[in-house]
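Peer 1: next come a sequence and a model predicted from it.
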Amino acid sequence: MSDCTTLHRRHFLAASAATLASPTFAATTPQLPSKRPAPAERRFTSPAVERELARVAAQIGDPKLRWMFGNCYPNTLDTTVRMSTVDGRPDAFVITGDIPCLWLRDSSAQVKPYLHLAARAPELRRLFHGLIARQARCILIDPYANAFMEDPTAKSNLEWSTHDETVMKPGVAERKWEVDSLCYPMRLAHGYWQATQDRTPFDATWAEAARASIRTFREQQRKDGNGPYSFRRSAPQPTETLLWGYGNPIRPIGLIASGFRPSDDACLYPFLIPSNLFAVTALRELAVVAAAARGDTALAADATALAAEVEGALRQYGTMRLRNGPEVWAYEVDGYGNAVFMDDANVPSLSGLAYLGCVDPADPLWQRTRDACWSDANPWFFKGTAGEGIGGPHVGAGQIWPMSLIIRALSAGDDATVRACLRTLRDTDGGTGFIHESFDRNDPAKFTRSWFAWANGLFGELIVHLAATRPALLKAPL
């Protein structure tokens, strides 16, 4: 996930650290008491979410899975939302969990599980208004930044960012350029518009931020040199910095260069294919909102044109052949003919392309790619006594990210795969009732990040999805 970049966050956290004092959730048992904060200590309360939690929990047959859903689904609202007002309008600052900063990616993903409730829930519409507005203001501070401070005039208080060799503006917490950081606010805006048809958040500030995002994507096609962004960090891991400030050389081919992956790890080759595929989809979604919610045909046309250009480059340069012959999507390329195949659990990922709506789940190219990601062809695919799944360089070898299992279940076409993922998720929480960043493939009691709201929310999203699409599977014993 996005925001863990320091050594101390790579250390294993004791399983007991995840517990929070809380009342008992209605669907729990005395042996499995709720881990939610007490009602008076919750950061944001939504009656609509509470009703949805109770409705879905009643459909879950496995007691522990039901308990975990009760802890995880409301976790973003319970613990990470800070509501305020700016110029008399809602403002929502959504922290990532154990770091009190807002990541554009994480905050968008954290609230996604509540989008389907927003049309009939004024409290959620206020939350979405506030977050869409906050993200727009953040992008206008610096479209190259991935994380932001609550106080837009404050300097970063993240110890690992304070000495970075880059342009750190007030309000910026970390300045790792990641293509997906600008895609996720586009996705959130489109999701909110589709759910509500509410034009309120899409004001002039939002449109200005959208134009800044498109301009930044075009700069990072690097047709006229490296562009205005550079970044260097003194760190023992090479994944924390960019070679000479710009990363490895690329040949301009129409793709968008990314300094870092959605894990916040540096790209090997700057053309990160899953993020470019996501950019195509997100730009087209932006065009829908610009045209329908604002009547801004110029903005819509600009987004559509860039999406078409990147899509054409992806068709020409985005695939590769594995050693045994099959054609798959590459993970990263450089435009010179070099490519790397791997996958990282953080989304956008190759295995997450169907979940993101970037490919048809039945597309043979994606299916071959997904199968290769879940095999020894991917150096970050691990098997152990606790389970199997995809990890990434961020926390090192042997660490499986539950996020990869959730995405696999959300994209699966068969019940057996979903059931296997659910069993592993249930049995690798380290006894905490929450979803973590990663767990040791042989010992789930060794895990990273006891408070990771994106993963908790994604698990909740999976369970809600299964209640709607595979209710019999959810009710049956695992």
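Peer 2: Everything's here; your move.

Peer 1: with adjacent residues omitted, what lies nearest to residue 381?
Peer 2: Of all residues not flanking residue 381 in the chain, residue 390 sits nearest, at 5.4 Å (C-beta to C-beta, 6 or more residues apart in numbering). Quick note: C-beta positions are derived from backbone N, CA and C, even for glycine.

Peer 1: dump the residue contacts of the one you found.
Peer 2: Residue 390 makes contact with 343-345, 349, 351, 373-374, 378, 380-382, 400-401, 404, according to C-beta atoms under 8 Å, 6 or more residues apart in numbering.

Peer 1: also residue 240?
Peer 2: 5, 160, 233, 265-266 are the contacts of residue 240 under C-beta under 8 Å, 6+ apart.

Peer 1: ok, it to residue 331 distance?
Peer 2: 19 Å (C-beta to C-beta, to the nearest Å).

Peer 1: and for residue 352?
Peer 2: 12 Å.

Peer 1: identify the contacts common to the two.
Peer 2: The contact lists of residue 352 and residue 331 share residue 274, where a contact means C-beta under 8 Å, 6+ apart.

Peer 1: and residue 322, how many neighbours?
Peer 2: By the criterion of other C-beta atoms under 10 Å, residue 322 has 14 neighbours.

Peer 1: can you pull the contacts of it?
Peer 2: 328, 341, 372, 377.

Peer 1: quick one: stretch 89-108 to chain centroid distance?
Peer 2: Chain-centre distance of stretch 89-108: 12 Å, with C-alpha atoms, centre = their mean, to the nearest Å.

Peer 1: what's the mean pLDDT across that stretch?
Peer 2: For stretch 89-108, the mean pLDDT works out to 98.

Peer 1: how long is that stretch end to end?
Peer 2: One end of stretch 89-108 to the other measures 19 Å (C-alpha to C-alpha, to the nearest Å).

Peer 1: re earlier: need the contacts of residue 322 in a markdown table with pLDDT and distance to residue 413, can you?
Peer 2: As requested, the contacts of residue 322 are exported to a markdown table (pLDDT from 0 to 100; distance: C-beta to C-beta, whole Å):
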| residue | pLDDT | distance to residue 413 |
| --- | --- | --- |
| 328 | 98 | 18 |
| 341 | 98 | 23 |
| 372 | 98 | 17 |
| 377 | 98 | 21 |
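
Peer 1: of those residues, buried ones?
Peer 2: Taking 16 or more other C-beta atoms under 10 Å as the criterion, what is buried in those is 328, 341, 372, 377.

Peer 1: surely the first one is in contact with residue 340?
Peer 2: No. Residue 328 is beyond contact range of residue 340, at 11.6 Å (criterion: C-beta atoms under 8 Å).

Peer 1: send me stretch 285-299 as CSV with only the CA atoms.
Peer 2: C-alpha atoms of stretch 285-299 as CSV (Å, rounded to 0.1, in the frame of the first residue of the first chain):
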residue,chain,number,x,y,z
GLU,A,285,-14.3,8.4,-16.6
LEU,A,286,-13.2,12.0,-16.1
ALA,A,287,-14.5,12.9,-19.5
VAL,A,288,-17.9,11.5,-18.6
VAL,A,289,-18.1,13.7,-15.4
ALA,A,290,-16.7,16.8,-17.1
ALA,A,291,-19.3,16.6,-19.9
ALA,A,292,-22.3,15.4,-17.9
ALA,A,293,-21.9,17.2,-14.6
ARG,A,294,-20.4,20.4,-15.9
GLY,A,295,-21.0,20.6,-19.6
ASP,A,296,-17.3,21.1,-20.1
THR,A,297,-16.8,19.6,-23.5
ALA,A,298,-13.3,21.0,-23.8
LEU,A,299,-12.1,19.2,-20.7
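
Peer 1: buried residues in it?
Peer 2: By neighbour count on 16+ other C-beta under 10 Å, the buried set for stretch 285-299 is 285-294, 296, 299.

Peer 1: do stretch 75-86 as well
Peer 2: Neighbour-count burial for stretch 75-86 flags 75-83 (criterion: 16+ other C-beta under 10 Å).

Peer 1: sort out for me which of those residues are in strands.
Peer 2: 81-83 (DSSP state E).

Peer 1: so which of those residues is the closest to residue 105?
Peer 2: Distances from residue 105 to those, taken as C-beta to C-beta, are shortest for residue 81 (16.5 Å).
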